[in-house]
Every structure is written in structure tokens, then in C-alpha cells.
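S.K.: Sequence plus the predicted model coming up.
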Amino acid sequence: MKDMDSALSVAQLPAVVDAVLAETQFIDMHTHLFQPALKGLMCWGIDELLTYHYCEAEFFRSAEMTPAEYFALSKAERADRIWTALFVENEPVSEATRGVIAVLQTFGLNPNTGDLRQAREFFSGRTLEQQIEACFRMAGISAAVMTNDPLDGEEAGMWKQGVAADARFPAVLRLDRVLEGWEQNYERLQQEGYAVDRSCGRHSSAELRRFLADWAKRMNPVYMAVSLPDNFDYTGDEFRSHLLREVILPACEELDLPLSLMIGVRRQVNPELRLAGDALGRADLRSLELLCLEYPRNRFLVSLLSRENQHELCVYARKFRNLLPFGCWWFLNNGSIVEEITRERLEMLGLSFIPQHSDARVLEQVVYKWRNTRRTLAPILSESYRLLMEDGRAVTRAAIERDVQRLFRGNFEQFVGRKI
Ligand code: FIX
Ligand code: ZN
């Protein structure tokens, strides 16, 4: 106890911050991973790692092959092509490709090989449970929050048969197909016995709220979530604003669930690239302002895709306590940008934000994504404490532990109102 309470010297800071980051079990509050009971949905192993859409986007820049030719291949063939183009014929210096190298190294596999035989043999000898245990341990996470789509036929079927809760994988009720794809999906709800219609009038809104309540009961989600385009405009009379006002926000309030808004994506700018074909745009945050102001009893977890929106987001978080900024999403999850955004957030918000989520789509990605986060965060935190000490405050290891817990666990648990 004595050590924890004694003031650190500036020289001790880097090692203590490193150690605290390494020892703290983080909550990964947004991923695309799935609990094993949702059979077949979790992606893992070398072929999935290589065909991650971040790597695919880079592949099309370095290989001759067209997207149509690539997508006609089997998954293993695609992985082979990506390995050759990005790892054999070039050094894998990008964030996404270096991540694959880090995973290979972590599992004791040769990252300098010309083919994938050794890696494939290794992964095919592992069980999913073994791999989850190892990845969570090496990533230093205790939970990976899922993204669960009630309108995905395969997934919904499993939930309807009953899925026992798995503390490692809290659920999230994802609303993109409801909010962004109402036209294409409302008939599905009709088939399931909800009296909704295309224009979603009063009765239909009540029915859609009943649909959300039924799914919340089934999934016991920690929050609801939707990704929105850069031109999302809640100030106008968009149909999605109608759904937000009449359905989503009242449902979140009634069920006591935060709503995660991930704003700024421009889906399918190049459809040929499939998942890798999305881009981003700067959003007008007046919509966010209005939502926070008009719905003080709702809580908003917010991540923005455009680098240019990040400073504004901090300013809004200073105005509204029902707004919690989280993560450096997707194209922002690169060391240089994470550093910039995190420094800005610490300077403007203190410890009242969630620095990062992994957005992992493939299980093993949590290992490298969280390694990178700790690596980037360590000097930023050390520097903040160094300045604080220079300005006269004594900093202890216990204080650093409390702060890191808050950033990577406490803020999330408090906002969702649940111990994870
Ligand atoms: O909408 C989302 O949750 C995004 O994170 C994904 O759709 C995106 O494709 C992704 O994988 C980003 O990391
Ligand atoms: Zn995501």
C-alpha cells in the first residue's frame, strides 16, 4: 500500500504507466465479434485475418487483380493472394498489415514465410474456446461488446431459439436495418407479426417500439446502436429523424439504454470493393447538438469518422453530460491520428471519455489492436502526468490505476449502468 501511495518521480512515470496499462483489463466496447453460442458467426484464424476489409482495400492498390476476379476466388485463395502481394512482395508497414505480423509473432508463428502453411496448420489445431481465452488474455480485455442485428436472418434465428448470456460478450441491439433500411425491411417485421407500415405512423411506431422491446428482452443489450452517414440531418424532416423521435429515443429511454451514434460513414462509395468500399465525410454536428439538448434523459455514446469533426465533438461533450465520446473509429485507428485525438480529448475533457474500442471483426485482431492502443496511449498519459507534476501535483501509482480504470472500464460501465 505504501508504494501505491507514495509520490512518483518523473523518471518513474513511463514504467508505471506502462505497467498499469498492461495490468488493467479493458472493456472492448464495440466489436463485430460474436459469442460462441451464436454458432458460426465469429470469424477467426489466418484466412479471416488476411481477408479483413482493411487489408483488401490495400490489396487492390498493390495487385493487378480486379475486385471481380478477387471476389470470385475462395477465401483461402484470396488470403494467399493478399499474403503474396502485401507481405511477400512488399514490407507490411501499414497499420492493418503490421497487425497480422503481430498476431503471427504472438502465436509463435513465422512472420517471414512465403506461404501460409504453418499458420493454417496452427489455427486448424485450435478450438474457438482456446482461441478466445488466449486472445482475451493477450489483448488484456475482459469483455468484447458484440454488434447484434435483429434483422440478420441467420443471427435472429439463433436468438429466437434462446442464447444464454456470455459475460465475455455483452450484446448490442444494432439498428441500421431499421433506421437506415426501413423501406427494405418493414415487410420483414410485418411477417413477424408487427403491424408496421411503410410510413411508420402512430400505430406503426408503437409496434416498432414493441419490436425493440422484444429484442431488448431477448438480447439484454448494453446499448442500442446505429451508424449514420456524414449528411445525417436531424434538424430537417428526414424519415430517419421521424423514426428517432417517435421510436428509437423513446424506446431507449423506456428501456434505460444509451444509444450509440457512429456518424460520418459514406457507404459503398466504390461498391465493387464490397465491405472495403465505404468512405467517410465530415458531418454537421448541429444534429448531435439538437439531440443532446432535446433529449436530456437519453444518453448518447458517440464516435465520429471524420478527423475534422473531433475537436467539435470535444466541445459538445463539454456542453452535454449525456454525451460520451468514444474510440478512434476505423480510418482514425492509426497511431498518428489516435495520438492527436487522445491528446485533444485529455486536454479538453480530462478523463471523461472512452479512448478506444477495437472494432475487431476477426478474433485475433484484439491482440494487435489493443497492443497498439496501449503503445500509443502510454507516452500520452506519461506526458500528461509529467506536466501535472511539473505544475505542482504529486502523482501516485494508485491515482494512475484509478484513472486508467475509469478510461477503459468505469466510464463505459457507468454510462450503460451495468457492471461488465
Ligand atoms: O458500422 C460499423 O460498425 C463499422 O465499424 C463497420 O461497418 C466497418 O466496416 C468496420 O469494420 C470498421 O472498422
Ligand atoms: Zn464497427
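M.R.: Happy to help now that I have it. It should be emphasised that the depicted structure is a prediction, and the values quoted were computed from it without experimental measurement. Ligands and ions are numbered 1, 2, ... in the order given.
S.K.: what are the ranges of the helices in the stretch 251-400 of the chain?
M.R.: 286-294, 310-319, 335-349, 365-390, 397-405 (DSSP state H, counting those that start in this stretch).
S.K.: now the stretch 1-150 of the chain
M.R.: In the stretch 1-150 of the chain, the helices defined using DSSP H, counting those that start in this stretch lie at 2-5, 13-23, 46-50, 53-62, 67-71, 75-82, 95-106, 117-124, 128-139.
S.K.: Highest mean neighbour count out of these?
M.R.: Highest mean neighbour count among the helices of the stretch 1-150 of the chain (mean count of other C-beta atoms under 10 Å): helix 46-50, with a mean of 23. For the C-beta atoms, the positions are set from N, CA and C on the backbone; glycine is no exception.
S.K.: That one - contacts with which helices or strands?
M.R.: With contacts taken as 3 or more C-beta pairs under 8 Å, 6 or more residues apart in numbering; DSSP states H and E, helix 46-50 sits against helix 75-82, helix 95-106, helix 117-124.
S.K.: neighbouring contacts of that helix?
M.R.: Helix 46-50 has contacts (C-beta atoms under 8 Å, 6 or more residues apart in numbering) with 55, 75-76, 78-79, 82-83, 99-100, 103, 116, 119-120, 122-123, 361-362, 364-365.
S.K.: can we see that at 6 Å?
M.R.: Around helix 46-50, the neighbours that count as contacts under C-beta atoms under 6 Å, 6 or more residues apart in numbering are 75, 76, 79, 82, 83, 100, 116, 119, 120, 123, 362, 364.
S.K.: Out of the helices of the stretch 251-400 of the chain, which gets nearest to ligand 1?
M.R.: Closest to ligand 1 of those is helix 365-390 (C-beta to the nearest ligand atom; 9.7 Å).
S.K.: can you give me the angle that closest one makes with helix 335-349?
M.R.: Interaxial angle, helix 365-390 versus helix 335-349 (axes from the mean of the first three to the mean of the last three C-alpha atoms, to 10 degrees): 50 degrees.
S.K.: where's residue 204, which helix or strand?
M.R.: For residue 204, the host element (DSSP states H and E) is helix 202-219.
S.K.: which residues sit against stretch 85-105?
M.R.: With C-beta under 6 Å, 6+ apart as the test, stretch 85-105 has contacts from 49, 54-55, 58-59, 62-63, 111, 114, 334, 364, 367-368.
S.K.: Put the alpha carbons of it into PDB.
M.R.: Output of stretch 85-105 as PDB, limited to C-alpha atoms (Å, rounded to 0.1, in the frame of the first residue of the first chain):
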ATOM      1  CA  ALA A  85       1.000  -9.000 -52.600                       C
ATOM      2  CA  LEU A  86       1.200  -7.300 -49.300                       C
ATOM      3  CA  PHE A  87       3.500  -9.500 -47.200                       C
ATOM      4  CA  VAL A  88       5.900 -11.200 -49.600                       C
ATOM      5  CA  GLU A  89       6.300  -8.600 -52.400                       C
ATOM      6  CA  ASN A  90       6.200  -5.600 -50.000                       C
ATOM      7  CA  GLU A  91       7.000  -5.000 -46.400                       C
ATOM      8  CA  PRO A  92       3.800  -4.900 -44.400                       C
ATOM      9  CA  VAL A  93       4.300  -1.400 -42.900                       C
ATOM     10  CA  SER A  94       0.600  -0.300 -42.800                       C
ATOM     11  CA  GLU A  95      -1.300  -0.500 -39.500                       C
ATOM     12  CA  ALA A  96      -3.600  -3.300 -40.800                       C
ATOM     13  CA  THR A  97      -0.900  -5.400 -42.300                       C
ATOM     14  CA  ARG A  98       1.600  -5.000 -39.500                       C
ATOM     15  CA  GLY A  99      -1.300  -6.200 -37.200                       C
ATOM     16  CA  VAL A 100      -1.200  -9.600 -39.000                       C
ATOM     17  CA  ILE A 101       2.500  -9.800 -38.300                       C
ATOM     18  CA  ALA A 102       2.000  -9.000 -34.700                       C
ATOM     19  CA  VAL A 103      -0.600 -11.800 -34.400                       C
ATOM     20  CA  LEU A 104       1.700 -14.300 -36.100                       C
ATOM     21  CA  GLN A 105       4.500 -13.400 -33.700                       C
END
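S.K.: Let me see the mean pLDDT of it.
M.R.: Stretch 85-105 carries an average pLDDT of 98.
S.K.: Can you lay out the helices of the stretch 251-400 of the chain as JSON lines showing distance to residue 258, mean pLDDT and mean neighbour count?
M.R.: Shown next, in JSON lines, are the helices of the stretch 251-400 of the chain (distance: least, C-beta to C-beta, whole Å; pLDDT from 0 to 100; neighbours: other C-beta atoms under 10 Å):
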{"stretch": "helix 286-294", "distance to residue 258": "12", "mean pLDDT": "98", "mean neighbour count": "17"}
{"stretch": "helix 310-319", "distance to residue 258": "14", "mean pLDDT": "98", "mean neighbour count": "17"}
{"stretch": "helix 335-349", "distance to residue 258": "17", "mean pLDDT": "98", "mean neighbour count": "17"}
{"stretch": "helix 365-390", "distance to residue 258": "22", "mean pLDDT": "98", "mean neighbour count": "19"}
{"stretch": "helix 397-405", "distance to residue 258": "20", "mean pLDDT": "98", "mean neighbour count": "18"}
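S.K.: Turn these into CSV, columns for distance to ligand 1.
M.R.: Below are the helices of the stretch 251-400 of the chain laid out as CSV (distance: least, C-beta to the nearest ligand atom, whole Å):
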stretch, distance to ligand 1
helix 286-294, 17
helix 310-319, 17
helix 335-349, 14
helix 365-390, 10
helix 397-405, 24
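S.K.: export the ones you listed to JSON lines and tack on distance to residue 40?
M.R.: Below are the helices of the stretch 251-400 of the chain laid out as JSON lines (distance: least, C-beta to C-beta, whole Å):
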{"stretch": "helix 286-294", "distance to residue 40": "36"}
{"stretch": "helix 310-319", "distance to residue 40": "37"}
{"stretch": "helix 335-349", "distance to residue 40": "32"}
{"stretch": "helix 365-390", "distance to residue 40": "18"}
{"stretch": "helix 397-405", "distance to residue 40": "35"}
